[in-house]
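1. for reference, the sequence and a predicted model appear below.
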Amino acid sequence: MILHDLMSYELLRVIWWGLLGVLLIGFALTDGFDMGVGALLPFVAKADVERRVAINTIGPVWEGNQVWFILGGGAIFAAWPPLYALSFSGFYLAMFVVLAAFIVRPVAFKYRSKREDPRWRATWDWALFASGAVPALLFGVAVGNVIQGVPFHFTDDLMPIYEGAWYMKFIGLLDPFSILAGLVSLSMLIMHGSAWLTLKAEGKVQTRARAIGSIAALVAVGTYVLAGLWLAVGVDGFATVGEVVTDGPSNPLHSEVARTSSWLSAYADRPWIAIAPIMGIAGGLLTFLGLRAGREVSTLLVSKMAIFGVISSVGLTMFPFIMPSSSDPQSSLTVWNSSSSHLTLFVMLVATVIFMPIILMYTAWVYKVLWGKVTEEDVTDNSSSLY
Amino acid sequence: MEFGIVELSRLQFAVTVMYHFLFVPLTLGLSILVAIMETVYVMTNRPIWRQMTKFWGMLFGINFVLGVATGITMEFQFGMNWSYYSHYVGDIFGAPLAIEGLMAFFLEATFVGLFFFGWDKLSKVAHLVVAWLVAIGSNFSALWILIANGWMQNPVGAEFNPMTMRMEMTNFFEVLFNEVAQAKFVHTVSAGYVTASVFVIGVSAWYLLRSRHIELARRSLTVAAAFGLASAFSVVLLGDESGYSATHSQKMKLAAIEAMWETHDAPAPFNLVGFPDQEARETHYAIEIPWAMGLIGTRSLTTEIPGINDLVATAEDRIRSGVIAYDALVEIRETREATDPAILAQFEDHSADLGFAFLLKRYVDDPRDATEEQIIQASNDTVPQVWPLFWAFRIMVGLGFGFIATMAYFFYRASFKGMNFPRPALHLAVWMIPAPWIAAELGWFVAEYGRQPWTVDGVLPTAMSVSALSMTEVALTLAGFVIFYTILFIVEMGLMLKYIRKGPYEDVEATEAWNKRHTDRLSGRRNADAITRPDATPAE
């Protein structure tokens, strides 16, 4: 096993930092509209047949989309083990709520229309709504916490310890800035779900989705800009101190970190990263216009652009930090101190380079096969085989 | 034993993983059986086979979705409840999990939607390909999960790095081609095939007993019996292969399953039944089969298999050696790159036993402070509870041979007696439906419980692997999982029974009509008939 020496450890770490972003964005772009449609369900669809139209626009694809979430978990485990160990045990109860949503959602899709009983269907509709809206909110809340720093440290054995009482792992996450971040992600995914419904549905469902979606797009842009201003004045940043070893052993205790006045100094050091927030804001505004104008394909594309811009702006602003510690900055996880070994990163990269294009190809093919609108006639004619 | 965070976390893991594995074996086997049925349909063009594909496919779907839902928990609870484990071995263990997502789970999840929704949108052959991709994806999933699990049983291709305080991969191919993982993979998927076969045979038998859907039931039963017979042989043979590889990689587990306290002169006998006594370290009323254990475990008449007492003595030596490694490790952590080469050499010599020093952490914070008594205690801890393993293993193996006999019988009746099955046999088939699940769960119990006190054999003790959580948190989530899972189980069983009672939901004429319309549509010749009738799969 010497092949991995062909690529430097430093380069592999940066690539895997990028791939972490690709996975999160891939998840938000695909499963994002599933969550958005779930959150929109009670508002865009009133009658049962409308509900079924909305559900069946995502019916054949949500399963594949959800794999982005699972792959995200697996890839963080493989490429950033300390991050996986710390964030999943640290955000313990929030994580459980997200898990519960992701357990209930598949079952709700599959079982909802298997009985005629209106109460049965209403219960599952509620489950679909909650399992879309709650994680959409919590993902943003988690990001808000990460940006502000999370109270943790590592022991000498590198055991991650999240500080504070157990209930703080849920209630403690809900500070004003993080709630604002949660609203960004919730409104953004509702916007994305609306763009999807505009493309895949027609009639009343589409009309309502466009109306709600255009409001959500404005809210997303507004809250995002507000969070940016807040970052400029109200949230301290982090910075590495002294000479940074970029190819040393992955040990969070080996680095030195200090607090700075703001994360936004990154835009002075690397002005080019401003492209990300610009894409986020422009994408949101274009989605608003697209939804108002009733454009279908192009609206979904600009909605994707908005999500891409917003998520990558967080990563680019914080680089090289992945998960800073508010209580013990020395324990902060950065790109340089929390990756897997050189060999593992290389092996994983080879696997990704082989399989990711194949995945993208067959996913594109499946979407192509399923191209076209889901109509009320489709649902009534295929009553027993559709969701 | 005191019930603390370790025990509670283990309980949670056991509950969620055993629940998950209620759905996995059926997914593994039924995906292939459905694909086989659809293959026959595409080759013969006979509507009954399409009817079978859709019927069993529907049951597959109800089951599949719970496998997916409960599998998500598995992917995330390593980080949630086992964060030190995740940090310590994530460098090796995370890779197969991630590759599973890339290579297998994406495949099955992306195409499973098309399997259910694509009948009207795809040509017959394209739909068949989709069915096979779902089956292949499911089975590849099992491969990578068992590579990960195999590494926990037999941690090859990795070594401890004192600078990062964790295990790191040294050779990916050793992890990939771990003999334990390979045997376990075939054993596990075969168990899944047997499960699905028993399920299909049981449900078909139920129809035959009620003289319903006779054409569908007979054919399904025949396919399942043939597939199940081959799988039942495979599951037993590969189980034997697992035992053989355990002889050199997991000696303690093997000795515990066998309740073999003392090392016996080769070839050792096999305890058919008996009552293991952990306190006295002997097995009462044992009925032995001479030579059998030696032959199964070593495939020779001269190789000895070490007994539990000798293995405990070895563990004690390794604990002492591990403490020396730990002593050097503390020094290395302080001095880092500037470490004295003599200390490094000391660490190198003993690092393979570091995990054994961690066994002492249950009793003292610093293993170097351990008393003689604690070392003896820790070495005794390396023996898992024997009687549950002893009996779980024997029930599993008994069921395994039972499956071979049943499958052979049904295969014989189907092939040589014109698919004519006597009623008592059909009754038996219905009652047998739960048996493969029992065998599969017991199999996992033997594999995981038999590895205690380790999460990674000889490397990391279970007691050290947990997260720094409070009892309240773990109890809350455990209660949450149990409530969720119980509700989902009731809902799932309700739907399963509802759809089995209802039977196949399309009749043969409707399928033929669909077939004609479908052919017309794909060839672009829409006639008047197709326009007046909806272009759709016929409903009930």
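-> Cool, the structure landed.
2. number of nearby residues for residue 20?
-> The chain I'm using is chain A. For residue A:20, the neighbour count with other Cβ atoms under 10 Å in any protein chain shown is 19. Backbone N, C-alpha and C define where each C-beta goes, glycine included.
3. wrong one, chain B
-> 19.
4. excluding chain neighbours, what is closest to it?
-> residue B:70 (4.1 Å; Cβ to Cβ, 6 or more residues apart in numbering or on different chains).
5. hang on, that neighbour packs against residue B:18?
-> No - using Cβ atoms under 8 Å, residue B:70 makes no contact with residue B:18, being 10.1 Å away.
6. these two: which has the busier surroundings?
-> Ranked by neighbour count (other Cβ under 10 Å), residue B:70 and residue B:18 place residue B:70 first, with 25 against 15.
7. quick one, grab the pLDDT at that one.
-> Looking at residue B:70, its pLDDT reads 90.
8. which parts of the stretch 151-300 of chain A sit against chain B?
-> With the criterion set to Cβ under 8 Å from any Cβ of the partner chain, the stretch 151-300 of chain A comes near chain B through A:156-162, A:166, A:169, A:249-251, A:254.
9. what segments of chain A are strands?
-> A:152-154, A:160-162, A:237-240, A:257-260, A:321-323, A:333-334 (DSSP state E).
10. what strands flank the first one, and is each parallel or antiparallel?
-> Strand A:152-154 has these partner strands in its sheet, going by DSSP bridges: strand A:160-162 (antiparallel).
11. return the distance of the partner strand from the chain's centre.
-> 24 Å (Cα atoms, centre = their mean, to the nearest Å).
12. got it, and stretch A:116-128?
-> 27 Å.
13. residues of it that come out buried?
-> Using 16 or more other Cβ atoms under 10 Å in any protein chain shown as the burial criterion, the residues of stretch A:116-128 that qualify are A:121, A:124, A:125, A:127, A:128.
14. how about the contacts made by residue B:206?
-> Applying Cβ atoms under 8 Å, 6 or more residues apart in numbering or on different chains to residue B:206 gives the contacts B:426, B:430, B:500.
15. what about the residue nearest to the first one when sequence neighbours are not counted, helix or strand, and which?
-> If I follow you right, that is residue B:426. Spatial nearest neighbour of residue B:426, chain neighbours left out: residue B:205 (3.9 Å); criterion: Cβ to Cβ, 6+ apart. Taking DSSP states H and E as the criterion, residue B:205 maps to helix B:179-209.
16. and for residue B:445?
-> Going by DSSP H and E, residue B:445 is part of helix B:435-449.
17. quick one, helices of the stretch 1-150 of chain A?
-> Taking DSSP state H, counting those that start in this stretch to define them, one finds helices in the stretch 1-150 of chain A at A:9-44, A:48-58, A:62-79, A:81-90, A:92-111, A:118-148.
18. how far does the shortest one sit from the chain's center?
-> From the chain centre to the centre of helix A:81-90 is a distance of 17 Å (Cα atoms, centre = their mean).
19. ok, and does that helix reach over to chain B?
-> Yes - counting by Cβ under 8 Å from any Cβ, chain B is contacted by helix A:81-90 at A:81, A:82, A:84, A:85, A:86, A:87, A:88, A:89.
20. gap between the residue in the stretch 301-450 of chain B that chain A sits nearest to and residue A:253?
-> The nearest approach of the stretch 301-450 of chain B to chain A comes at residue B:333, 6.6 Å away (Cβ to the nearest Cβ). From residue B:333 over to residue A:253 the distance is 9 Å, taken as Cβ to Cβ, to the nearest Å.
21. again with residue A:47
-> The value you get for residue A:47 to residue A:253, if Cβ to Cβ is used, is 60 Å.
22. repeat that for residue B:269.
-> 54 Å.
23. picking up where we left off before, deepest of the strands of chain A, which one?
-> Most buried of the strands of chain A, by mean neighbour count (mean count of other Cβ atoms under 10 Å in any protein chain shown): strand A:333-334, with a mean of 26.
24. quick one: average pLDDT of that strand?
-> 94.
25. what ranges do the helices span in the stretch 101-250 of chain B?
-> B:106-117, B:124-153, B:172-176, B:179-209, B:214-249.
26. is chain A contacted by stretch B:356-367?
-> No - Stretch B:356-367 does not reach chain A (Cβ under 8 Å from any Cβ); its nearest approach is 9.1 Å.
27. no no, stretch B:108-123
-> Yes - applying Cβ under 8 Å from any Cβ, one finds stretch B:108-123 touching chain A at B:109, B:110, B:111, B:112, B:113, B:114, B:116, B:117, B:118, B:119, B:121, B:122.
28. may I have that stretch as CSV, with CA atoms only?
-> As requested, the backbone C-alpha atoms of stretch B:108-123 are provided in CSV (Å, rounded to 0.1, in the frame of the first residue of the first chain):
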residue,chain,number,x,y,z
GLU,B,108,-31.3,-0.5,-4.0
ALA,B,109,-33.0,2.7,-2.8
THR,B,110,-32.9,4.5,-6.1
PHE,B,111,-34.3,1.6,-8.0
VAL,B,112,-36.8,0.3,-5.5
GLY,B,113,-39.0,3.3,-6.3
LEU,B,114,-38.8,2.5,-10.0
PHE,B,115,-39.7,-1.1,-9.2
PHE,B,116,-43.0,-0.1,-7.8
PHE,B,117,-43.7,3.0,-9.9
GLY,B,118,-42.1,2.0,-13.2
TRP,B,119,-44.3,-0.8,-14.5
ASP,B,120,-46.0,1.6,-16.9
LYS,B,121,-42.9,3.6,-17.8
LEU,B,122,-40.4,0.9,-18.6
SER,B,123,-40.1,-1.9,-21.1
